[in-house]
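**Q** Structure, please.
(chains A and B)
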Amino acid sequence: MTDSNKLPSGQTRIDSIEMRGISKRFPGVLASDHVDFDVKSGEVHALLGENGAGKSTLMKILYGMYHPDEGQILLNGKPITITSPTDAINYGIGMIHQHFMLVPSLTVAENVALGLPSSRGPLTDLDRVSKRILELASIYGLKIDPDAYVWQLSVGQQQRVEIIKALYRGAALLILDEPTAVLTPQEVDEFFVIMHQMVKDGYALIFISHKLHEVVEISNRVTVLRNGKKIGTRPTSETTKQDLANWMVGRDVDFVPDRGNIQRGEVRLKLDQVSCGSDRGTPGLREVSLEIHSGEILGVAGVSGNGQRELADTIAGLRKVSSGHIFLEDKDVTNFAPGELTERMLSYIPEERMRDGMIKDFTVAENMILREHHKMPFSSSGFLKLKDISIHTDKLISQFHVKTPSQETLAKNLSGGNIQKIVLAREISRNPRAIIAAQPTRGLDIGATEYVREQLLGQRKRGAAVMLISEDLDEILALSDRVAVIYEGKVMDILSRQNATRERLGLLMAGVHPEERTPA
Amino acid sequence: MKKLFQSEWISRLIDASLPVFAAMAALLIGAVMLFLLKVNPVEAYKALWDGAFGSSNAFAETLVKATPLLLVGIGICISFRGDVINIGGEGQMIIGAILATWVGLNFTGLPGWLVITISMLAGFLGGAIWGGIPGVLKAYFSVNEILSTVMMNAIAVQMMNFFLRGPMIDPSQAELASKIPQTARLLEIFRLPRLAPTRLHLGALIAVILAILVYILLWRTTLGYRIRAVGQNPHASRYAGIKVQRYVVLALLLSGAFAGLAGATQVFGVNYRMITDGSSSGFTGSAGFNGIVAALFGQLHPILTIPASILFGALLVGANSMQRVVQVPSALVTALNGLVVVFVVSSEFWRRRRQRRRLAAAKQNDESPPQPEPEKLQQLETGA
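**A** Model (predicted):
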């Protein structure tokens, strides 16, 4: 136990891993261009970059999923070749993917044991697996029930299962691919506590992210990639968020968007005691009442899965209201079909843009008219007017800076940021009266995020009523005039911009009224 | 490899000729099989070619065979584009034919052009009903359309057998002891006009015109746009205000309608009566199934389905004559057809892969367009 070379999990630690001159070319793309990267025992090395900068490629090379065209990898100073994830695991390298690789219908223990030989030959050894899971969990205070089914677990808990899974397989170095993207602020804090502990114990951690404040908070060193090239590595203590952001995008980034002073107008969208079900059969919304005025952004904050999706869907007409009423500009639109709401100039930027906002195998032009293809000027008497569609598309492409080879390019060939720009262009260019924006910047890089936020503010200025549903508190705080906090389908409170402090929101998001906490 | 294909137009030329090479490769393997059967492959293929294209009569036969394939095929283009798998072409052909024949036998007092028109519409309607039923079942009751359309085939066959033995039987047969299950012959003025002094009939021309119309329907109308949108992504379609269920029904209904029309043209252009041997292929010649293959071969594109149908028509006609001339088992003919399908479909996958690579390369040359995410590209390449 006192052996300094051993980690608490019993695994030999990795003193250093060094990647030297790594290049990887995909057809038409140099995804990694002579990149050097190293990580040592007892440190968090953050890998920072916009989408497509080559972070994932580099890490997939380290994890044996890709083979580099050039360069070498050294483990404790000795060159090694990693040809598969199995190799990587044998060397003590583990990876926690952004999208969890868990089977929901199996238990935690079954998921951990999956793919490993049983210690009892043909018979299962789940009891031994469970015991070991509890051992590993206790080291880091991870509360995990080995017999729980994965579908019962929250996202944060599932992530812990992934960590346990990697530790169980003997990982001494963990690659964490955007681990915080799916966590609530409180879960992020807990996660960072675990990371700190692991680093103290001698693990080597690679933290991939594009959230600057997290990188600054947790990492010891940071490496920035841009367009497959390494821009530089520095101790985190010698950098600032602003420096890093400039490194990432290669230009100055405007952090706090200029909101301007807008006089809010009449009530555009009103929910009166709205309740609805959810996919699980439990109540999705419980008597939600709120109003959004013209020229106002109402932020909806909350921990994922507390009714945000149901809220957006009911307003957009995709989910039946079981009781209560929704008004759009004084007109009762409760349970109107999506098409009718489109007619009444409601726009919706859906959370799952690839699923709900976009048809991947349609061209850019076809996607641009998705909502209004049946109306002038895009069609008349049932026939599409290709010329007018093309003119419209060209206009939007240049107006919204969509980077696409042509308007005939299939949407699936574009990057996430450009796809969101298409959705945004389609929804905003109609000059809607009200906009529901659900997680509009999730998964986008800084440049695209900034752009989307500017556009939402532009809509506010134009006089639209905007509902911004986001799990990113920074975003909520930066954009909203008022903030509603949703918890278990109820609106806990609606705070004005001045009163919406991080702490207060955090408590409300956890279902606690600040007043209730003060002793009587 | 890369350098060889660098020039853009050479690449395109290769792409365009890939299916031809693939078909030739399939025939090469067929030649090995023929050789093993102790048949001279050259002789056999010459018989195949002559049978399909050797004379104006032969070519006309090829086109006659291609007609129902094309009609069924353009319907399949609609349904598959709408992500609805219609395996019910056989049944839809039969019901369309029954309805059309009934019109042709009962409105004998009307002028020929009118009866032909009404009959064709009746065929269209019959197929639409037979396709629409599984469409409604799928859209509103989540019944799998593959199962329901196949079962609808079985029902249609039994209905055909019932009608041709009973209510619709040829009156002259009804009095005989043998009772061949067939209808009376259509009046001469009710038959689809011939286009040449061969068996080629107006139906072939109708099919080609309809293929063009279906192309316009799919890519130039809001109806087609919606069918394709629903087929590609029902979630996004619903969110955009499209009534998804309605377009699922329409996709299957239209698909069935074209198959029904195929059935009608078989009666009015080729046989001039309906006759059954008790099975569905006895009447349809399996066009309800082969039309699917032709459409897939034509990349679910109605215009490309025209040459695809002719190719399969040629294979069907030519293989028959090959069977006669060099005396090979009919199973070999079926195997040969299958080989061509497998090879050409595989070549299509290869073509798409090359296209993606070219696209990626083009993106890199052009500075501003975005880089594709390498991992995604990789996934596509490996088909994962």
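**Q** okay, CA-based contacts and neighbour counts for the rest of this
**A** OK.
**Q** Surely A:A31 is in a helix?
**A** No. Under DSSP: H, G, I helix; E, B strand; the rest coil, A:A31 sits outside any helix and is assigned strand.
**Q** what's the burial count for it?
**A** Applying other C-alpha atoms under 10 Å in any protein chain shown, we find 27 residues neighbouring A:A31.
**Q** Just give the nearest non-adjacent residue to it, would you?
**A** A:G228 (4.9 Å; C-alpha to C-alpha, 6 or more residues apart in numbering or on different chains).
**Q** Phi and psi next, for the closest residue to chain A within the stretch 51-200 of chain B.
**A** Residue nearest to chain A within the stretch 51-200 of chain B (C-alpha to the nearest C-alpha): B:R81, separated by 11.2 Å. Dihedral pair for B:R81: phi -60, psi -30, per degrees, to the nearest 10.
**Q** So A:E471, which state does it fall into?
**A** Applying three-state DSSP: A:E471 is coil.
**Q** what about the host helix or strand of A:L290, average pLDDT?
**A** Using DSSP states H and E, A:L290 sits within strand A:283-293. Averaged across strand A:283-293, the pLDDT comes to 90.
**Q** In its sheet, which strands sit next to that strand, and in what direction?
**A** Here strand A:283-293 is paired, per DSSP bridges, with strand A:267-277 (antiparallel).
**Q** And what about B:L213, helix, strand or coil?
**A** Taking three-state DSSP, the label given to B:L213 is helix.
**Q** Report how many residues lie close to it.
**A** 15.
**Q** give me phi/psi at the residue in the stretch 151-300 of chain A that chain B sits nearest to?
**A** Nearest residue of the stretch 151-300 of chain A to chain B: A:N227, at 9.0 Å (C-alpha to the nearest C-alpha). When read as degrees, to the nearest 10, the backbone of A:N227 gives phi 50, psi 40.
**Q** Count the residues that sit near it.
**A** For A:N227, using other C-alpha under 10 Å, the count is 21.
**Q** With the one 5 residues further on instead?
**A** A count of neighbours around A:G232, defined by other C-alpha under 10 Å, yields 15.
**Q** so it, which of the three states?
**A** Per three-state DSSP, A:G232 ends up strand.
**Q** Which strand residues bridge it?
**A** Under the criterion used (DSSP bridges), A:G232 bridges to A:V224.
**Q** which residues touch it?
**A** Residues in contact with A:G232 (C-alpha atoms under 8 Å, 6 or more residues apart in numbering or on different chains) are A:T223, A:V224, A:L225.
**Q** Would you mind confirming that the second one is in contact with A:L48?
**A** Yes. In this structure, A:V224 sits in contact with A:L48. The criterion is C-alpha atoms under 8 Å, and the distance is 4.7 Å.
**Q** Touching, A:C276 and A:S322? I think so.
**A** Yes. Counting by C-alpha under 8 Å, A:C276 does reach A:S322; the two are 4.9 Å apart.
**Q** tell me, how many neighbours does B:T221 end up with?
**A** By other C-alpha under 10 Å, neighbour count at B:T221 equals 21.
**Q** okay, now the closest residue to B:R165 other than its chain neighbours: neighbour count?
**A** Distances taken as C-alpha to C-alpha, 6+ apart place B:P181 nearest to B:R165, at 4.8 Å, with adjacent residues excluded. Look at B:P181: counted by other C-alpha under 10 Å, it has 22 neighbours.
**Q** A:C276 and A:S322: who's more crowded?
**A** Using other C-alpha under 10 Å, the more surrounded residue of A:C276 and A:S322 is A:C276, with 23 against 17.
**Q** show me what contacts that one?
**A** So A:C276 contacts A:P283, A:G284, A:L285, A:R286, A:E310, A:T314, A:R319, A:K320, A:V321, A:S322, A:S323 (C-alpha under 8 Å, 6+ apart).
**Q** go on, A:L75?
**A** Applying C-alpha under 8 Å, 6+ apart, the residues near A:L75 are A:I14, A:D15, A:S16, A:I17, A:E18.
**Q** pLDDT weak spots in chain B?
**A** By pLDDT under 70, the weakly predicted segments of chain B are B:1-8, B:356, B:358-384.
**Q** Geometrically speaking, which residue is the centre of it?
**A** The centroid of chain B falls nearest to B:G291 when counting by C-alpha atoms, centre = their mean (1.9 Å).
**Q** Look at it and tell me its secondary structure.
**A** Once three-state DSSP is applied, B:G291 turns out helix.
**Q** Can you get me a residue count around residue 203?
**A** No chain in the question, so chain A it is. So A:Y203, with other C-alpha under 10 Å, has 28 neighbours.
**Q** should've been chain B
**A** B:G203, neighbours per other C-alpha under 10 Å, totals 27.
**Q** ok, the residue nearest to the centre of chain B to chain A distance?
**A** Distance, B:G291 to chain A, using C-alpha to the nearest C-alpha, to the nearest Å: 24 Å.
**Q** That residue contacts B:C77, correct?
**A** No. At 9.8 Å, B:G291 does not count as touching B:C77 under the criterion of C-alpha under 8 Å.
**Q** Tell me where the stretch 401-520 of chain A has strands.
**A** A:434-438, A:465-469, A:482-487, A:490-496 (DSSP state E, counting those that start in this stretch).
**Q** Kindly report the same for the stretch 251-384 of chain B.
**A** Going by DSSP E, counting those that start in this stretch, the stretch 251-384 of chain B shows no strands.
**Q** about what we covered before: and the contacts of A:G232, which is closest to A:M195?
**A** A:T223 (18.3 Å; C-alpha to C-alpha).
**Q** mind giving me the domain ranges of chain A?
**A** Taking automatic domain parsing as the criterion, chain A consists of the domains A:16-249, A:263-345+A:433-440+A:462-514, A:352-430.
**Q** Same list (these) but as a markdown table, adding distance to B:A25.
**A** Listed next are those as a markdown table, based on distance: least, C-alpha to C-alpha, whole Å:
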| stretch | distance to B:A25 |
| --- | --- |
| domain A:16-249 | 28 |
| domain A:263-345+A:433-440+A:462-514 | 51 |
| domain A:352-430 | 31 |
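**Q** which residues in the stretch 401-520 of chain A form helices?
**A** A:416-428, A:446-462, A:473-479, A:502-509, A:514-517 (DSSP state H, counting those that start in this stretch).
**Q** what's the offset of the first one from the middle of its chain?
**A** When you say that, I think you mean helix A:416-428. Put simply, helix A:416-428 sits 17 Å off its chain's centre (C-alpha atoms, centre = their mean, to the nearest Å).
**Q** Could you pull out the buried residues of it?
**A** A:416-428 (16 or more other C-alpha atoms under 10 Å in any protein chain shown).
**Q** mean confidence score for it?
**A** 88.
**Q** counting contacts, what elements does that helix pack onto?
**A** strand A:346-349, helix A:353-356, helix A:364-368, helix A:446-462 (3 or more C-alpha pairs under 8 Å, 6 or more residues apart in numbering or on different chains; DSSP states H and E).
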